[in-house]
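how does the following fold in three dimensions:
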Amino acid sequence: MIFEAMGAMLLTFLYLTQTEEKTKLSGDPAITTLIISATYSAITYLAVAIVTVSSTPFNPAIALGEFWAILFSGNFESNGLWIFMTFGYAGALLAVVLFEFVYKKAVETVDEVEQIVSDDDEGGDKLLAQGSM
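Numbering: from 1, shown residues only. Purely as a prediction, here's the structure:
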């Protein structure tokens, strides 16, 4: 169950980084799609190869669809029904919190330091000299 949350968190976090303009690794939409799909494939492969997991899809949107499909088919006694709604969304929520409050602030801080270094060449040399001591 923890792995379902971790998989959803990794997928959601990487999706957020590739859809935010400031944090994209590439401006090419094909590369962005490749990064997201490779992440999903790697998480799914890891789940099948190493860890025993339920049949959750790691994608919270697909998990919602599967939840309603199982519910409307009349299979109320399905053992994994609650896992779809609980752990996928918990992992996605954790990813949003980490992205908004940790990752974005770290990216902004690095950008500010790069701006200071590029604006003031002497200050940048001093900063680099202090860092190498």
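
what helix or strand is residue 116 located in?
Element membership of residue 116 [criterion: DSSP states H and E] is helix 104-119.

try residue 42
With DSSP H and E as criterion, residue 42 is part of helix 29-49.

could you list the buried residues of that helix?
32, 35-36, 39-40, 43-44, 47 (16 or more other C-beta atoms under 10 Å). In short, each C-beta sits where N, CA and C put it, glycine included.

ok, so of those residues, who is nearest residue 14?
Nearest to residue 14 among those is residue 39, at 4.6 Å by C-beta to C-beta.

which residues touch the closest residue in space to that closest one that isn't next to it in sequence?
Spatial nearest neighbour of residue 39, chain neighbours left out: residue 14 (4.6 Å); criterion: C-beta to C-beta, 6 or more residues apart in numbering. Listed by C-beta atoms under 8 Å, 6 or more residues apart in numbering, the contact partners of residue 14 are 35-36, 39.

quick one: contacts for the residue nearest to the spatial centre of the chain?
For the chain, residue 13 is the residue whose C-alpha lies nearest the centre (C-alpha atoms, centre = their mean; 1.5 Å). Residue 13 is in contact with 95, 98-99, 103, counting by C-beta under 8 Å, 6+ apart.

secondary structure class for it?
Under the three-state scheme (DSSP: H, G, I helix; E, B strand; the rest coil), residue 13 adopts helix.

okay, it: pLDDT?
Here, the pLDDT recorded for residue 13 equals 90.

now swap in residue 103 and tell me
For residue 103, pLDDT reads 92.

quick check: it vs residue 88, distance?
Remark: distance between residue 103 and residue 88 (C-beta to C-beta, to the nearest Å) = 20 Å.

which of the contacts of residue 13 fall in strands?
Among those, none falls in strands (DSSP state E).

can you pull out the low-pLDDT segments for the protein?
Scanning the chain for pLDDT under 70 picks out the ranges 51-56, 75-80, 120-133.
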